[in-house]
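Structure for this input, please:
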Amino acid sequence: MLDFIGTIVLAAAIIVSINALAGAMPISTSQRLALSVGAGLWTGLAAALAGAKLFSGANPIGPPMIGTVIVFPLVATAAAAAISPSVRALLQGMPMPFLIGLNFWRVAGGFFLLLAAEGRLGGPFPYSAGWGEIITGALALPVAWLALRGQGSALVWTWNAFGMFDLVAAVTLGIVSANGSPLQIIHAGQGSEAVQMLPWSLIPTVLVPMFLIVHGVIFARLARATLRAAS
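A predicted model of the protein is given here:
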């Protein structure tokens with residue numbers, strides 16, 4: 001039952017978030033459609049790789065495979081933004097309150113705690129990721145409201161740093177908790193096994209890169225606003 005509910009929630013989070021991000025960019029309808037299709041194909045690839053058990057820690061190619069799927073969108077987006085002024089303009093053209101509020105989906109991090117309660121995740125990973133995500137998601141709308149009013153810039157900086165650190169910490173703990181992986185340091189029950197398989201693998205391979213990109217864009221917007229205020 002938990003997998004059934006999780007599939008519905010994660011699919012909704014991915015579909016709504018991708019289309020919301022595409023809709024918030026100042027681009028044409030055809031470009032918006034192309035972006036949504038590309039993101040959908042990437043999500044399908046991540047799901048297919050997980051279905052083939054290519055993310056398993058016990059699989060020799062598992063750790064580098066899941067690492068590649070997580071890192072590739074980040075590198076591709078950073079490279080495109082560094083090379084193309086138009087890409088930078090598109091990313092920074094999205095309203096910051098919207099980008100912050102989109103993180104509300106991260107309250108679904110409570111699934112990590114439920115998986116731990118079922119004995120399907122072990123060690124510090126589910127608790128760090130679970131509570132970190134819940135806190136980030138629960139604060140997203142209040143912080144977005146302050147940003148909309150042009151207030152609480154220090155709180156926005158703090159929230160954004162916490163949200164990004166939470167994702168990096170979760171990925172790190174997930175990797176070092178993967179049973180059978182050569183990178184395993186933490187040996188605790190099932191470790192991070194559940195997130196190596198569907199539907200939970202969609203969290204590190206699709207949602208984590210997406211939210212890391214969102215955090216990066218927010219940091220860029222905050223830095224630009226700070227420089228503008230100082231000039």
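
Run the chain-centre distance for stretch 143-162.
The chain centroid and the centroid of stretch 143-162 are separated by 19 Å, computed with C-alpha atoms, centre = their mean, to the nearest Å.

what does it contact?
The contact list for stretch 143-162, computed with C-beta atoms under 8 Å, 6 or more residues apart in numbering, reads 96-98, 100-101, 132, 135-136, 139-140, 215, 218-219, 222, 225. The C-beta positions use only the backbone N, C-alpha and C, and glycine is treated the same way.

mind redoing it with 10 Å?
Identification of contacts with stretch 143-162 by C-beta atoms under 10 Å, 6 or more residues apart in numbering yields 95-104, 132, 135-136, 139-140, 142, 163, 214-219, 221-223, 225-226, 229.

Over to that stretch now: how far is its first residue from its last?
From its first residue to its last, stretch 143-162 covers 13 Å (C-alpha to C-alpha, to the nearest Å).

residue nearest the centroid of the chain?
residue 208 (2.0 Å; C-alpha atoms, centre = their mean).

Need phi/psi at that one.
Phi and psi for residue 208, reported as degrees, to the nearest 10, are phi -60, psi -50.

are any of the contacts of stretch 143-162 buried, and which?
Neighbour-count burial (16 or more other C-beta atoms under 10 Å) applied to the contacts of stretch 143-162 gives 96-104, 132, 135-136, 139-140, 163, 214-218, 221-222.

buried residues in stretch 172-189?
Buried, per 16+ other C-beta under 10 Å, within stretch 172-189: 173-179, 181, 184, 186.

Can I get that stretch as PDB, trimmed to CA atoms?
Extracted C-alpha coordinates of stretch 172-189, given in PDB (Å, rounded to 0.1, in the frame of the first residue of the first chain):
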ATOM      1  CA  THR A 172      25.700  11.300   0.600                       C
ATOM      2  CA  LEU A 173      24.100   9.300   3.300                       C
ATOM      3  CA  GLY A 174      22.200   7.200   0.800                       C
ATOM      4  CA  ILE A 175      25.400   6.400  -1.100                       C
ATOM      5  CA  VAL A 176      27.400   5.400   2.000                       C
ATOM      6  CA  SER A 177      24.500   3.400   3.300                       C
ATOM      7  CA  ALA A 178      23.900   1.300   0.100                       C
ATOM      8  CA  ASN A 179      24.500  -2.300   1.000                       C
ATOM      9  CA  GLY A 180      27.000  -4.100  -1.200                       C
ATOM     10  CA  SER A 181      28.400  -0.800  -2.600                       C
ATOM     11  CA  PRO A 182      32.200  -0.300  -2.500                       C
ATOM     12  CA  LEU A 183      31.400   3.100  -1.100                       C
ATOM     13  CA  GLN A 184      29.400   1.700   1.800                       C
ATOM     14  CA  ILE A 185      30.600   3.100   5.200                       C
ATOM     15  CA  ILE A 186      27.400   2.800   7.200                       C
ATOM     16  CA  HIS A 187      26.200  -0.800   7.800                       C
ATOM     17  CA  ALA A 188      22.600  -0.600   9.200                       C
ATOM     18  CA  GLY A 189      19.900  -3.000   8.200                       C
END
